[in-house]
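Asker: just coords:
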């Protein structure tokens with residue numbers, strides 16, 4: 001059981017690293033801004049008071065919000081790795097297939113669209129941003145890359 005847990009953690013870390021490498025590639029190849037985990041850290045810090053903000057930039061700053069945002073990003077990736085293994089079962093670790101990872105990767109977009117974005121003041125699925133369709137498309141692609149990371153890491157450690 002302990003082995004299964006640590007493999008699930010590794011799968012989540014591997015998928016999150018691949019997602020970060022994807023963001024780095026988009027930045028270098030197309031000038032896409034890098035993710036800024038500071039506002040996410042600020043949002044996490046303020047979860048003790050409230051979930052939804054009109055604009056997270058108006059909330060009181062937290063000295064370590066960048067580090068907290070990065071830690072939260074990896075915590076969520078690990079949690080998704082554990083959820084995948086719990087749902088797909090230990091047998092999936094022995095013979096991983098892409099479909100369960102892909103389904104989870106796409107479903108996880110919902111957390112960003114319906115919790116994180118409105119929580120930070122961007123509206124449901126970034127509806128208050130000037131370019132919500134572009135953001136949504138990038139979210140779907142990034143979470144597909146995350147799914148590839150879940151699957152690929154599972155293949156590497158089986």
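Answerer: Alright, I've got the coordinates. Just so we're clear, the structure is a prediction, and the values are computed from it rather than from any experiment. Numbering: from 1, shown residues only.
Asker: going forward, measure contacts and count neighbours with C-alpha atoms only.
Answerer: Will do.
Asker: what's downstream of the longest helix seen in the chain, the next helix or strand?
Answerer: Ranked by residue count under DSSP state H, the longest helix found in the chain is helix 2-30. Counting by DSSP states H and E, the next helix or strand C-terminal to helix 2-30 is helix 38-45.
Asker: so which elements touch that following helix?
Answerer: Judged by 3 or more Cα pairs under 8 Å, 6 or more residues apart in numbering; DSSP states H and E, the packing partners of helix 38-45 are helix 65-88, helix 117-120.
Asker: got the angle for that helix vs helix 65-88?
Answerer: Counting by axes from the mean of the first three to the mean of the last three Cα atoms, to 10 degrees, helix 38-45 points 70 degrees away from the direction of helix 65-88.
Asker: on that earlier part again, packing partners for the longest helix of the chain?
Answerer: When contacts are defined as 3+ Cα pairs under 8 Å, 6+ apart, helix 2-30 packs onto helix 65-88, helix 132-157.
Asker: on that earlier part again, now mean pLDDT, distance to residue 20 and mean neighbour count too, for the helices and strands packed on helix 38-45, in CSV please.
Answerer: Below are the helices and strands packed on helix 38-45 laid out as CSV (pLDDT from 0 to 100; distance: least, Cα to Cα, whole Å; neighbours: other Cα atoms under 10 Å):
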stretch, mean pLDDT, distance to residue 20, mean neighbour count
helix 65-88, 98, 10, 19
helix 117-120, 98, 19, 23
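Asker: could these go into CSV alongside distance to residue 31?
Answerer: Converted to CSV, the helices and strands packed on helix 38-45 look like this (distance: least, Cα to Cα, whole Å):
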stretch, distance to residue 31
helix 65-88, 21
helix 117-120, 22
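Asker: tell me which of these sits nearest to residue 145.
Answerer: Distance to residue 145, taken as Cα to Cα, is lowest for helix 65-88 among these, at 12.4 Å.
Asker: who touches the next helix or strand after that closest one?
Answerer: Per DSSP H and E, the first helix or strand lying C-terminal to helix 65-88 is helix 90-94. Helix 90-94 has contacts (Cα atoms under 8 Å, 6 or more residues apart in numbering) with 4, 85, 154, 155, 158.
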